[in-house]
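Enquirer: what follows is a predicted structure for the sequence shown.
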Amino acid sequence: MIRKSLMILAVAIIVAPHARTYYVAKNGNDGNNPCTINAPWLTIAKAANTLTAGDTVLIRAGAYNERLQPANSGTANARIHFSAYPGESVTLQGDGLGGQGIVFTNGKDYLSFFGLRTANTDNASNRPETGFWIINSSYVTIRGCYTYNTESSGIIVSEQGADDHIYIDSNKVEKACNDGAQECISIAKCNTFEITRNEVFNGGPGTNGGEGIDCKFGSSNGKVAYNYVHNLSRQGLYADAWSMATSNIEYCGNIVHDCQFGLGAASEQGGTLTGITFHDNVVYNTDGPGMYILMSAGPMGDLYFVNNTVHNTGTGWGQGMWFNGPQAANVIVRNNIFSGLSGQPFYVQAAPSSWTVDHNLAATAQSGQASGFIIGTPQYVNSTGGDFHLKSGSPGIDAGSSDTKYATSLGDLDRKNRIIDGDCNGTATIDMGAYEYQSPCATGIAPRQIRQSIKPSSSQQSRLFDARGRAITPGAGPQRTMRMHRAGTPLSRAKAFTW
C-alpha cells in the first residue's frame with residue numbers, strides 16, 4: 001500500500017497514448033463536436049456518459065446541479081479523470097436528484113476525481129445524502145476534493161469486491177453526518193485502501209453517527225495516515241468489525257483533538273477484529289478517553305497502541321485509555337505518553353484476556369500496572385499551543401522499548417528518524433510518544449526506503465523513494481517542500497510534505 005500511494009503522489013495524471021481532454025462550462029453546449037476549451041459541453045452528465053479509458057474532463061468554475069455518475073471504466077494504464085479546471089472552483093449540488101451520492105460510482109473501475117466540491121447534500125429538497133459514494137468499484141482515487149454539509153458521510157466506500165484499491169487523499173470533509181447514519185469518512189467491505197492527509201472537521205450533532213474516519217465491516221489491508229481530525233461530536237478514528245471479520249489496518253501519524261473520544265477499536269456486533277495498530281498519533285482535548293477498546297461483542301486480537309501522545313483526554317472521565325474488551329487478546333500498550341489527566345492513565349472496566357503494558361510515561365502509575373509506567377512530566381514544547389514535541393531533558397527521551405516493528409518503519413509523526421541517541425549517552429534508543437527528540441548529537445536509524453516502480457504509458461522506470469514520500473536521486477540536492485496549512489492551525493505548526 002505504501003508503494004502504491006507513493007506512485008500516486010509522484011504521478012498526478014498519466015495520459016494514455018490516445019487520450020482525449022474534454023471541457024465543461026456554464027456557457028457550454030452539449031452539442032459541441034468537437035468539444036474544446038473554446039467550445040465546451042454544458043453538463044457534467046454529458047462528460048460522464050462520454051468519457052472512456054484514458055480520457056480527462058476539465059470542469060470550469062461554477063455550481064452544477066447534477067450528479068456525476070461515470071458510465072464507463074478506465075483501465076490499469078488509462079484511467080478516466082474528472083477534474084476541476086486548474087485554479088477554478090467547481091461545486092456540485094443535488095436539488096431534486098434523490099438519494100445516493102452527488103458523485104456516485106457503482107461497478108466502475110480506474111477512476112480519479114480531483115479538486116471537486118460537493119455542497120449541501122443534506123437530503124433536503126430531495127437531495128443526495130453523501131458527497132462521494134463509491135460502490136463495487138476498484139482503483140478509485142479521490143484527491144483534493146471538499147465535501148460540505150452532508151446528511152450522511154462526506155465520503156463513503158461500501159460493498160466492494162475482492163480487489164479494491166481505494167485512495168482518499170488530501171480532501172476536506174466538513175459538517176458531515178448531520179443526523180444521518182455512517183461516519184464522516186466511512187470505509188466498509190473494502191480490501192486495500194489508503195486514507196491519507198485529509199482534514200475532517202466541524203461534524204454534525206452525531207445523533208446517529210458521525211465518527212471521523214471509520215474502517216469497518218469486513219475491511220482489510222488499509223492505512224489511515226497523517227489525517228487531521230478535529231471538532232467532532234463522536235470519535236476521531238475508529239476500527240469496528242461490526243459483524244464481519246476486519247483486519248490489518250494501520251493508523252499512524254494522525255492528529256485528533258476536540259472530539260468525543262480519540263482513537264480506538266471495537267467489535268460492536270460480533271465480528272472478529274485483528275491486526276489493528278495505532279502508532280505515532282497525537283490525541284488531545286477529548287471529552288472521553290484518548291484511546292479505547294470497547295464493546296467486545298466478538299473476538300479481538302493483536303491490537304497495538306504504540307508511541308502515541310495522549311494529552312488532556314477524558315475530561316469528563318479522568319483517564320487516558322479505556323478498556324472494556326474482555327474478549328480482546330494480545331493487546332500491547334507501549335511507548336505512549338499520557339499527560340494532563342485528572343485520574344489514572346487507564347479506566348479498566350473489563351480487562352483484555354491478555355495484555356502487555358510497558359514503557360509508558362504518565363504523571364501517576366496505573367493500579368496493577370506500576371511496572372509499565374515511568375512517572376514524570378513529559379516536558380512538551382508547548383502543549384497549550386498543540387506542540388507535543390519533547391524538550392531536552394524530558395524523561396520520555398531514550399526511554400522507550402524498541403521491541404516493536406513500528407519503531408523504525410516510517411519514523412515518528414514528523415517522519416523523522418526513530419531510534420536515535422537523544423540524550424547523547426552514546427546509545428540510540430527510541431523515545432516515548434509520537435515525536436522523536438531530534439538531538440543535535442544524534443545519529444540513528446532512518447525511516448526505511450521503499451523502491452517504487454512507475455509506469456508512464458507502456459514503459460517502466462524504477463525510482464527510489466524514502467518513507468517520507470521523497471524521490472531519491474543519487475547526488476541530488478535538497479528536494480522541493482510544500483507546506484500544507486491546516487485550517488485553524490498556526491503556520492508554524494503546518495505539516496511539511498516533501499516530494
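Expert: On my side now, so go ahead.
Enquirer: any stretches of the protein with poor pLDDT?
Expert: Across the chain, the ranges flagged by pLDDT under 70 are 1-18, 122-128, 160-163, 296, 368-371, 407-410, 442-499.
Enquirer: could you give the bridge partners of residue 263?
Expert: Each beta-bridge partner of residue 263 is listed here, defined by DSSP bridges: residue 237, residue 291.
Enquirer: ok, it to residue 293 distance?
Expert: In this structure, residue 263 lies at 11 Å from residue 293, with CB to CB, to the nearest Å as the measure. All C-beta atoms are positioned from the backbone trio N, CA, C, and that covers glycine.
Enquirer: which residues of the chain fall in helices?
Expert: Remark: helices assigned in the chain by DSSP state H are 2-10, 44-50.
Enquirer: surely residue 423 touches residue 398?
Expert: Yes. Residue 423 lies in contact with residue 398 (CB atoms under 8 Å); the separation is 4.8 Å.
Enquirer: okay, those two: which has more neighbours?
Expert: Of the pair residue 423 and residue 398, residue 398 is the one with more neighbours under other CB atoms under 10 Å, namely 23 against 19.
Enquirer: grab the nearest non-local neighbour of the more buried one.
Expert: Spatial nearest neighbour of residue 398, chain neighbours left out: residue 429 (4.0 Å); criterion: CB to CB, 6 or more residues apart in numbering.
Enquirer: please name the bridge partners of that neighbour.
Expert: When bridges are taken as DSSP bridges, the partners of residue 429 come out as residue 420.
Enquirer: from residue 365, how far off is it?
Expert: Residue 429 is 22 Å from residue 365, by CB to CB.
Enquirer: list the contacts for the residue nearest to residue 55 when sequence neighbours are not counted?
Expert: Leaving aside its chain neighbours, residue 55 sits nearest to residue 20 (5.1 Å; criterion: CB to CB, 6+ apart). Under the criterion of CB atoms under 8 Å, 6 or more residues apart in numbering, the contact list for residue 20 reads 54, 55, 56.
Enquirer: hang on, residue 85 packs against residue 57?
Expert: No. Contact status for residue 85 versus residue 57: not in contact, 9.6 Å apart, counting by CB under 8 Å.
Enquirer: neighbour count winner among the two?
Expert: Neighbour count, other CB under 10 Å: between residue 85 and residue 57, residue 57 has more, with 25 against 18.
Enquirer: for residue 116, grab the count of nearby residues.
Expert: 27.
Enquirer: let me redo that: residue 392
Expert: One way to gauge burial is a neighbour count; for residue 392, by other CB under 10 Å, it gives 12.
Enquirer: before we move on, the earlier item: for residue 335, see how far away the residue nearest to residue 398 is.
Expert: Between residue 429 and residue 335 the distance, using CB to CB, works out to 11 Å.
Enquirer: what about these two, which has more around it?
Expert: Taking neighbours as other CB under 10 Å, residue 429 and residue 335 compare with residue 335 leading, 29 against 19.
Enquirer: quick one, what contacts the residue nearest to that one when sequence neighbours are not counted?
Expert: The spatially closest residue to residue 335, leaving aside those adjacent along the chain, is residue 400, at 4.0 Å (CB to CB, 6+ apart). Counting by CB under 8 Å, 6+ apart, residue 400 touches 307, 334, 335, 359, 407, 429, 430, 431, 432.
Enquirer: the third one reaches residue 306, doesn't it?
Expert: Yes. Under the criterion of CB under 8 Å, residue 335 is in contact with residue 306, at a separation of 5.5 Å.
Enquirer: now do the shared contacts for these two.
Expert: For the pair residue 335 and residue 306, residues contacting each of them under the criterion CB under 8 Å, 6+ apart are residue 404.
Enquirer: for burial, what's the neighbour tally of residue 99?
Expert: As a burial measure, the neighbour count of residue 99 was computed by other CB under 10 Å and equals 16.
Enquirer: brain fart, residue 427
Expert: As a burial measure, residue 427 scores 9 neighbours (other CB under 10 Å).
Enquirer: give me the neighbour count for the nearest residue in space to it that is not next to it in sequence.
Expert: Counting by CB to CB, 6+ apart, residue 427 lies nearest to residue 421, which is 6.3 Å off, once chain neighbours are set aside. Residues lying near residue 421 (other CB under 10 Å) number 18.
Enquirer: how about the one 3 residues further on?
Expert: Applying other CB under 10 Å, we find 13 other residues in the vicinity of residue 424.
Enquirer: closest one of the contacts of residue 20 to residue 130?
Expert: Lowest distance from residue 130 to the contacts of residue 20 (CB to CB) belongs to residue 56, with 24.4 Å.
Enquirer: ok, what's across the strand from the closest one?
Expert: With DSSP bridges applied, the residues forming beta bridges to residue 56 are residue 21, residue 81.
Enquirer: what about residue 114, distance to residue 104?
Expert: The value you get for residue 114 to residue 104, if CB to CB is used, is 17 Å.
Enquirer: again, but for residue 256
Expert: Counting by CB to CB, the gap from residue 256 to residue 104 is 29 Å.
Enquirer: just residue 244 next, same as before
Expert: 23 Å.
Enquirer: what do you get for residue 170?
Expert: Computed with CB to CB, the distance linking residue 170 and residue 104 is 21 Å.
Enquirer: ditto for residue 72
Expert: Between residue 72 and residue 104 the distance, using CB to CB, works out to 14 Å.
Enquirer: next: residue 28.
Expert: Computed as CB to CB, the residue 28 to residue 104 distance reads 22 Å.
Enquirer: likewise for residue 425?
Expert: For residue 425, the distance to residue 104 - CB to CB - is 59 Å.
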